[in-house]
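1. build the 3D model from these lines:
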Amino acid sequence: TDTGARASARERGLSTSIRMGTVLSRLNLLSEHLDPKLLSRLKQLQELDLSYNLLEALPPNLGLPHLRILRCANNQLGDVTALSQFPQLEELSLEGNPFLTVNDNLKVSFLLPKLRKVNGKDASSTCAQMENLNRELTNRVTAHWEKFMAALGPGKETKKAQADFVKSAVRDVSYGPDSLREFTQWRVRMISEELVASGGTQVHEADVPKRPQETTATYKPRARLVSLKRPDDVPLNLPSTKRACNSPSAQMEGGPSGPHSTQPALQLEPLHFLQCHSRNNSPQDLKTQLWACAFEPAWEEGHSGATSQTVATCGGEAVCVIDCQTGIVLHKYKAPGEEFFSVAWTALTVVTQAGHKKRWSVLAAAGLRGLVRLLHVRAGFCCGVIRAHKKAIATLCFSPIHETHLFTASYDKRIILWDIGVPNRDYEFQASQLLTLDSTSIPLRLCPVAPCPDGGCCCWDLQLDQPQKRRVCKVEFVFSAGSQAPGRRVDGLAFVNEDVVASKGSGLGTICLWSWSQTWAGRGSQPPVAVVVLAQLQWSSTELAYFSLSACPEKGVVLCGDEEGSVWIYDVGHILKQPPPQLAAPQAPMQILKWPQPLALGQPVTKTMVNTVVANSALTYLTALTDSNIIAVWRRC
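-> Coordinates of the predicted model:
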């Protein structure tokens, strides 16, 4: 039969490849085609190439004790535990396996103690993350054992009790982000079983050799593309380290904002200060401007409103994904020559060739080059590039209704709606353009409606059942004097709830809260519509622009940074419940987090600009991005 002929041809190709050497790539091999009896004859084999096949798993008994280099790129691997059969492995290639996650990267570092390179990169950083996690998990499992045995009482250490301990440890011992839960549970089970086997007398941490740290590149000033956002700022002239956490507690100004406050001042402590966007990995880089961050939605929790403690940040030529609890940089994507301005998350359901459904978290990043890069964060690779605009992209966002619909707003004064679709069998995206929206000026923020810097805010009709694929602004919202002066730049925009919008501009000293429904109801036949202002919030009177505000709707909180490194926090819950009958004096912030002045090489970083500040939905973590290449993370006590 044709099927039999193809199988025979595949087997002949397999045998020929083995006789030729180590290349078994591009043969459409499935896992069952790797015959352990055949491969185990190659006792001295040191290099094996299995890339560009259809492998979903590696057989656990291939019998290659001297294998040093293994290439498994561009397959469909979903597990790495079988790699433990190659204890001499030094180099490993796994890129292009979209179902492998950061958990698998950590497992690889644990299982392969002699590993030096993963996907062509030094493995020391991942090894260091794994070592820190393993140390903390070991301590926590040991503490759990002591508590468990104390509650159990003497003479009751039965096999059932030991099994119950392992189950309770896996269930109750946790550390690190949700994205690493699979690895932590895997290690907790191993540690607890080892503890039980030793009778609770000892437990060993992972036997992983201390790999030498990668030397930091010497910083050499070089020509670079100047950011379009704030090109005239003078950077700080202070040295810095990759991570400086020695800092005093955050100073706070202001307390509960009068009798209308619905909650007391938040107790926030500075947790991490990261410098992970440095050019050339230079610790001296305090020039890279960081522009945007977004918390990953916690899709596994079953509703899109929840967010995790994993945040994506962008600035310079890099996009980083960070766990706020541990400060670990889970992933880093670099595009030399790019200047990233915006990031946005979505989640897609894809079906593998084997018919399995997988949920992907996809991160879109864009900036100076006018390109949108679609990043498969868990697998750590770029799976699509959209040539969206000829000029820089100022901001982007995914539709809250359609998970594949992406808006891009550019300095070409256009907003384009794309359908990125779902990836094909090669895990590549083919985006299609749905609509083009013309703006009278540069759109800087997207937030169901897009702001225009010289005339307030504008909105467009996005119904896709209409024939026009290019549309002009349908309604322009303007601000009266005393709230936000006409003609002033609107550079911050966020929905506080389904109706109340927060917006701000530079030089005004206030943030404006206005009603979307009341404003929309008051529109007439002419495009300009005066917004219905509900309240004003005191803010910095700086003339500098591009400080982005954000909102935490579940907590009724608005956040904004300033030019001094401070974070302004507003409790607007009372306004959401019952707006004041008439416009009162600007409301003071609930509190102001003063810049905590982290130490860098023994010197305090005393002044910086907080371009963006974002909190997760539960307001447990707050992340601020600065103009001096520092990411600050606060934790709610």
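2. Asn497 and Pro553 touch, don't they?
-> Yes - applying Cβ atoms under 8 Å, one finds Asn497 in contact with Pro553, separated by 5.3 Å. Every residue, glycine included, has its C-beta placed from N, CA and C.
3. ranges for the strands of the stretch 1-150 of the chain?
-> 47-49, 69-71, 91-93, 117-118, 121-122 (DSSP state E, counting those that start in this stretch).
4. out of those strands, which is closest to Leu180?
-> Proximity to Leu180 (Cβ to Cβ) singles out strand 117-118 among those, at 16.7 Å.
5. any idea of the mean pLDDT for that closest one?
-> Throughout strand 117-118, pLDDT has a mean value of 89.
6. about what we covered before: can you put the strands of the stretch 1-150 of the chain in CSV and add distance to Thr620?
-> Output for those, formatted as CSV (distance: least, Cβ to Cβ, whole Å):
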stretch, distance to Thr620
strand 47-49, 45
strand 69-71, 40
strand 91-93, 36
strand 117-118, 32
strand 121-122, 32
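7. elements contacting the helix or strand that contains Trp568?
-> Per DSSP states H and E, Trp568 falls inside strand 567-571. Where contact means 3 or more Cβ pairs under 8 Å, 6 or more residues apart in numbering; DSSP states H and E, strand 567-571 is packed against strand 557-561, strand 591-593.
8. quick one: strands adjacent to the longest one?
-> Okay, so that is strand 557-561. Strand 557-561 has these partner strands in its sheet, going by DSSP bridges: strand 549-552 (antiparallel), strand 567-571 (antiparallel).
9. and the last one, by the same measure?
-> Strand 591-593 sits in its sheet next to strand 252-253 (antiparallel), strand 567-571 (antiparallel), going by DSSP bridges.
10. which SSE is immediately downstream of the first one?
-> To tie it back to what came earlier, the one meant is strand 252-253. Next along the chain from strand 252-253, counting by DSSP H and E, comes strand 268-274.
11. could you point out which element follows that next one?
-> That would be, after strand 268-274 and using DSSP H and E, strand 290-297.
12. can I get that next one in CSV, CA atoms only?
-> Extracted in CSV, the C-alpha atoms of strand 290-297 (Å, rounded to 0.1, in the frame of the first residue of the first chain):
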residue,chain,number,x,y,z
LEU,A,290,11.3,51.7,29.6
TRP,A,291,7.8,52.4,28.3
ALA,A,292,5.1,49.9,28.8
CYS,A,293,4.2,46.8,30.9
ALA,A,294,1.2,44.5,31.2
PHE,A,295,0.3,41.7,33.6
GLU,A,296,-0.4,38.4,32.0
PRO,A,297,-4.1,37.4,32.3
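13. what's the average pLDDT for that strand?
-> 92.
14. same question, stretch 188-206
-> On average, stretch 188-206 scores 75.
15. what is the neighbour count of Ala409?
-> 27 (other Cβ atoms under 10 Å).
16. for it, which non-adjacent residue is closest in space?
-> Pro443 (3.9 Å; Cβ to Cβ, 6 or more residues apart in numbering).
17. go on, Ser192?
-> What sits nearest to Ser192 in space, not counting adjacent residues and going by Cβ to Cβ, 6+ apart, is Ala169, at 4.0 Å.
18. next one: the host helix or strand of the one you found to chain centre, how far?
-> According to DSSP H and E, Ala169 maps onto helix 159-172. From the chain centre to the centre of helix 159-172 is a distance of 34 Å (Cα atoms, centre = their mean, to the nearest Å).
19. which other residues reach that helix?
-> Contact partners of helix 159-172, identified using Cβ atoms under 8 Å, 6 or more residues apart in numbering, comprise Val141, His144, Trp145, Phe148, Leu152, Gln185, Val188, Arg189, Ile191, Ser192, Glu193, Val196.
20. the inter-axis angle of the following helix or strand past that helix versus helix 159-172?
-> Downstream of helix 159-172, the next assigned helix or strand under DSSP H and E is helix 181-197. Calculated by axes from the mean of the first three to the mean of the last three Cα atoms, to 10 degrees, helix 181-197 forms an angle of 150 degrees with helix 159-172.
21. chain center to helix 181-197, what's the gap?
-> Using Cα atoms, centre = their mean, the mean C-alpha position of helix 181-197 is found 27 Å from that of the whole chain.
22. helices or strands next to it in the packing?
-> Here helix 181-197 touches helix 102-111, helix 124-152, helix 159-172, going by 3+ Cβ pairs under 8 Å, 6+ apart.
23. orientation of the second one relative to helix 181-197 in degrees?
-> In this case it means helix 124-152. Using the same axes, to 10 degrees: helix 124-152 against helix 181-197 is 50 degrees.
24. may I see the buried residues of helix 124-152?
-> For helix 124-152, the neighbour count (16 or more other Cβ atoms under 10 Å) marks 124-131, 133-134, 137-138, 140-142, 144-145, 148 as buried.
25. one step back: residues in contact with the strand holding Trp568?
-> Against strand 567-571 from outside (Cβ under 8 Å, 6+ apart): 256-257, 261-263, 266, 511, 537, 539-540, 556-562, 587, 589-593, 610, 613, 622, 624, 634.
26. what mean pLDDT would you report for that strand?
-> Averaged over strand 567-571, pLDDT sits at 95.
27. centre of the chain to that strand, how far?
-> The mean C-alpha position of strand 567-571 is separated from the chain mean by 23 Å, Cα atoms, centre = their mean.
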